[in-house]
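Participant: From the sequence below, what's the structure:
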Amino acid sequence: MMLHYLQPAKLQSKKIVFEHVFSARDSATLEHLKELSSRRRLIEESINQSSSITEAIAREMSGGLTSHCLRDLQKLEQYLPLLENLIFHVDLVCSNHHVVCWISELKICWSSALCSLSFFNLRGPKLFQIDNLRYELGMTLYLYAALLRERAVEILPADLVQSAALFREAAGVFQHLANEVFPSLQSAQSVERPPEATPSMSTVMSLICLAEAQAVTIRKAEEKGTTVGLLAKLHYGITELLGEATAILYSNAREYKDISSCFLEFISSCKALHELRSLKYLAESLKIADQVGVAVGVLRDALINVKKNVPGEESWRSIFRKEIDDAADMLRKFENENEFVWHEKIPGGDELPLPQGNKIVNAIPYHPKRWERELSFKI
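Facilitator: Model prediction:
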């Protein structure tokens with residue numbers, strides 16, 4: 001079992017009508033702007049839960065897709081190439097004062113799904129406005145990656161191979177955001193922004209997706225009967241990936257002072273869970289190597305540490321309880337065997353072997369698509 005946290009996809013945004021702001025020189029440009037607004041409106045209605053379309057009509061419009069998540073991914077895939085084309089042409093005239101004013105008039109606003117809820121936000125989520133088309137691109141891509149991750153969870157455990165691939169795709173989109181999109185927003189330092197619109201948070205999300213992809217890969221490896229020694233290293237590889245994510249968050253603590261405690265608990269809980277699983281497999285491999293005393297020491301230490309990190313979320317607690325019970329059963333069995341057969345000294349602290357990690361998954365690179373149509377504006 002994996003821990004799941006799907007909050008990152010719960011973004012909201014305000015309505016944008018491109019043709020009301022940009023002044024088109026020709027009918028083809030006007031048509032492109034209208035198409036952009038139409039495609040975005042479908043996304044707005046879905047994420048803001050303001051659509052009046054029935055489930056049956058929504059399914060028919062999407063070509064028969066029954067998954068709400070897949071339908072949203074389809075809408076984003078139809079919108080993003082149009083947006084990329086607009087940005088390409090706006091960049092050619094970005095210094096023109098009319099264009100600067102147009103972008104400001106769009107009032108591009110997005111909420112955060114990772115900030116803690118405030119008493120003052122009872123009327124709805126706080127919206128962050130940044131007058132930059134790359135903010136719109138970045139937040140739309142962030143939503144796309146978060147939904148790829150959500151779809152990966154949705155198809156578990158039926159299709160482990162496809163699920164792992166989707167997690168890796170999501171990681172690739174987050175890496176693209178961290179390296180190519182959000183750094184361009186860093187110049188607007190004085191503008192308040194959601195944590196999602198920062199390169200470091202995109203890197204954190206990419207690491208989480210890679211950890212989840214490796215967790216799914218491990219399930220496939222367990223089905224194939226992979227050796228316990230390798231399984232121990234693979235689980236600890238997840239612990240290391242999440243350790244990197246934690247280090248980034250704490251090194252940017254000032255930037256993320258309003259981050260949700262549930263999000264932080266999700267990362268720390270996943271890290272603790274996979275560390276326990278790693279140490280269980282390590283203990284099993286030590287037992288196979290006739291080092292029962294060391295195996296007992298490893299399990300004792302693992303159980304002491306994991307009990308300090310049991311999460312508050314009930315669905316996560318139940319997974320923890322099962323893992324802790326399994327480890328405790330294994331420990332009792334090993335202790336009895338050591339007491340009656342092996343009589344080995346039980347080490348502790350620095351005498352225990354350190355777990356080693358192995359990371360075997362990589363992100364699938366994201367390659368932006370642009371609908372290449374010439375656009376012309378009255379400037």
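
Participant: so where do the strands sit in the stretch 1-150 of the chain?
Facilitator: In the stretch 1-150 of the chain, the segments counted as strands under DSSP state E, counting those that start in this stretch are 109-111, 127-129.

Participant: Determine which of those strands approaches residue 280 most closely.
Facilitator: Closest to residue 280 of the strands of the stretch 1-150 of the chain is strand 109-111 (C-beta to C-beta; 40.3 Å). From N, CA and C alone the C-beta is placed, and that goes for glycine too.

Participant: Around the closest residue to residue 239 other than its chain neighbours, count how many other residues there are.
Facilitator: Using C-beta to C-beta, 6 or more residues apart in numbering and skipping residues adjacent in sequence, the residue nearest residue 239 is residue 275, 4.6 Å away. For residue 275, the count of nearby residues is 23 (other C-beta atoms under 10 Å).

Participant: helix or strand for residue 275, which one?
Facilitator: Using DSSP states H and E, residue 275 sits within helix 261-288.

Participant: immediately after that helix, which helix or strand?
Facilitator: Taking DSSP H and E, what comes next after helix 261-288 is helix 292-306.

Participant: Quick one: mean pLDDT for that next one?
Facilitator: Averaged across helix 292-306, the pLDDT comes to 97.

Participant: Report the contact partners of the residue nearest to residue 239.
Facilitator: Residues counted as contacts of residue 275 (C-beta atoms under 8 Å, 6 or more residues apart in numbering) are 235-236, 239, 302, 305-306, 355.

Participant: Let's see that with 10 Å instead.
Facilitator: Residues near residue 275 by C-beta atoms under 10 Å, 6 or more residues apart in numbering: 235-236, 238-240, 242-243, 302, 305-306, 309, 355, 357.

Participant: Which single one of these is nearest to residue 213?
Facilitator: Among the contacts of residue 275, and counting by C-beta to C-beta, the member closest to residue 213 is residue 238, at 9.5 Å.

Participant: Give me the pLDDT for the closest one.
Facilitator: 98.

Participant: Report the secondary structure state of it.
Facilitator: Using DSSP: H, G, I helix; E, B strand; the rest coil, the structure places residue 238 in helix.

Participant: correct me, but it touches residue 359?
Facilitator: Yes: with contacts counted by C-beta atoms under 10 Å, residue 238 reaches residue 359, the gap being 8.3 Å.

Participant: anything in contact with each of those two?
Facilitator: 210-211, 214.

Participant: filter the residues you listed to the buried ones?
Facilitator: Among those, the ones that count as buried by 16 or more other C-beta atoms under 10 Å are 210-211, 214.

Participant: got a list of what the spatially most central residue of the chain touches?
Facilitator: Centroid check for the chain by C-alpha atoms, centre = their mean gives residue 205 as the closest residue, at 4.2 Å. Residue 205 makes contact with 8, 114, 142, 145-146, 149, 170-171, 173-175, 177-178, 196, 245 under the criterion C-beta under 10 Å, 6+ apart.

Participant: hmm, 7 Å instead?
Facilitator: The neighbours of residue 205, taking C-beta atoms under 7 Å, 6 or more residues apart in numbering as the test, are 8, 145, 174.

Participant: leaving aside the residues next to it on the chain, what's closest to the first one?
Facilitator: To tie it back to what came earlier, the one meant is residue 8. residue 146 is the one closest to residue 8 (C-beta to C-beta, 6+ apart), at 4.3 Å.

Participant: re earlier: in terms of neighbours, single out the busier of residue 238 and residue 359.
Facilitator: When neighbours are counted by other C-beta under 10 Å, residue 238 and residue 359 differ, and residue 238 comes out ahead with 28 against 16.

Participant: how much space between the closest residue to that one other than its chain neighbours and residue 162?
Facilitator: Closest residue to residue 238 apart from its sequence neighbours, by C-beta to C-beta, 6+ apart: residue 274 at 4.2 Å. Going from residue 274 to residue 162 by C-beta to C-beta, to the nearest Å gives 22 Å.

Participant: So which of those two has more stuff around it?
Facilitator: Between residue 274 and residue 162, residue 274 has the larger neighbour count (other C-beta under 10 Å), namely 27 against 14.

Participant: my guess is the more buried one meets residue 240, correct?
Facilitator: No: using C-beta atoms under 7 Å, residue 274 is not in contact with residue 240, being 9.5 Å away.

Participant: From the contacts of residue 205, which shows the smallest pLDDT?
Facilitator: Looking at the contacts of residue 205, model confidence by pLDDT dips furthest at residue 8: 94.

Participant: measure stretch 357-369 end to end?
Facilitator: Its start and end residues considered, stretch 357-369 measures 36 Å (C-alpha to C-alpha, to the nearest Å).

Participant: Give the rounded mean pLDDT of it.
Facilitator: Mean pLDDT, stretch 357-369: 98.

Participant: Kindly report the same for stretch 36-44.
Facilitator: What stretch 36-44 shows for mean pLDDT is 97.

Participant: Out of the contacts of residue 205, flag the one nearest to residue 22.
Facilitator: residue 145 (27.2 Å).

Participant: count of residues packed around the closest one?
Facilitator: 27.

Participant: Residue 256 versus that one, what's the distance?
Facilitator: For residue 145, the distance to residue 256 - C-beta to C-beta - is 19 Å.

Participant: now residue 16
Facilitator: 27 Å.

Participant: List the buried residues of stretch 307-325.
Facilitator: Those would be 311, 313, 316, 319-320, 323-324, for stretch 307-325 by 16+ other C-beta under 10 Å.
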